[in-house]
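let's see this in three dimensions:
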Amino acid sequence: QVQLVESGGGLVQPGGSLRLSCAISGFSLNHYAISWFRQAPGKEREGVSCISSSISGTYYEDSVKGRFTISGDNAKNTVSLQMNSLKPEDTAVYYCNAAGIRSGSYIEYWGQGTQVTVSS
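Predicted structure coming up:
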């Protein structure tokens, strides 16, 4: 059974840090591109960061470059998002996403989300 389970969200003051984790079961993270998305109240879901072993690369949305770092742990089959210098505008529900092509079809999976609130 495929599962993506996020953890690590919470309340933090501006300038603080949080580390989100996405625990993956049912497939190896090497077989998919793993992304973090976020959705703030009243806004559309947006891509924040992505990591893909197939291209050995990472992607960051402009507003988080230099503050967020995505990494994968093959042994634990988890992907983490280290978030530093957090701002109130980073407040959102953060979702883990896995996407790839299997047997010629596009497949994607979502986690349930974890709330991040940046506030003084």
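
tell me the buried residues in the lengthiest strand in the chain?
Looking across the chain with DSSP state E, the single longest strand is strand 92-102. Buried residues in strand 92-102, defined by neighbour count with 16 or more other C-beta atoms under 10 Å: A92, V93, Y94, Y95, C96, N97, A98, G100. (C-beta placed from N, C-alpha, C; glycine too.)

please name the nearest non-neighbouring residue to Y106.
Excluding the flanking residues, the one nearest Y106 by C-beta to C-beta, 6 or more residues apart in numbering is A99, at 7.2 Å.

cool, and A40?
Nearest to A40 is A92, by C-beta to C-beta, 6+ apart, at 4.2 Å.

dig out what the one you found forms beta bridges with.
Following DSSP bridges, A92 is listed with bridge partners V116.

residues in contact with it?
The contact partners of A92, by C-beta atoms under 8 Å, 6 or more residues apart in numbering, come to R38, Q39, A40, K43, V116.

hmm, S53 and S71 touching each other?
No: at 11.6 Å, S71 does not count as touching S53 under the criterion of C-beta atoms under 8 Å.

the residue nearest the centre of the chain is in what secondary structure piece?
Central residue of the chain (C-alpha atoms, centre = their mean): W36, 2.4 Å from the mean position. Per DSSP states H and E, W36 falls inside strand 33-39.

relative to strand 92-102, how tilted is the next helix or strand after that strand?
Per DSSP H and E, the first helix or strand lying C-terminal to strand 33-39 is strand 46-52. Using axes from the mean of the first three to the mean of the last three C-alpha atoms, to 10 degrees, one finds that strand 46-52 and strand 92-102 are set 40 degrees apart in direction.

packing partners for the next helix or strand after strand 46-52?
Going down the chain from strand 46-52, the next helix or strand is strand 57-60, by DSSP H and E. Packed against strand 57-60 by the contact rule (3 or more C-beta pairs under 8 Å, 6 or more residues apart in numbering; DSSP states H and E) you find strand 46-52, strand 68-73.

the residue nearest to the centre of the chain reaches A98, doesn't it?
No: W36 is beyond contact range of A98, at 11.0 Å (criterion: C-beta under 8 Å).

how near is the residue nearest to A40 to S63?
Going from A92 to S63 by C-beta to C-beta, to the nearest Å gives 12 Å.

thanks a lot, see you next time.
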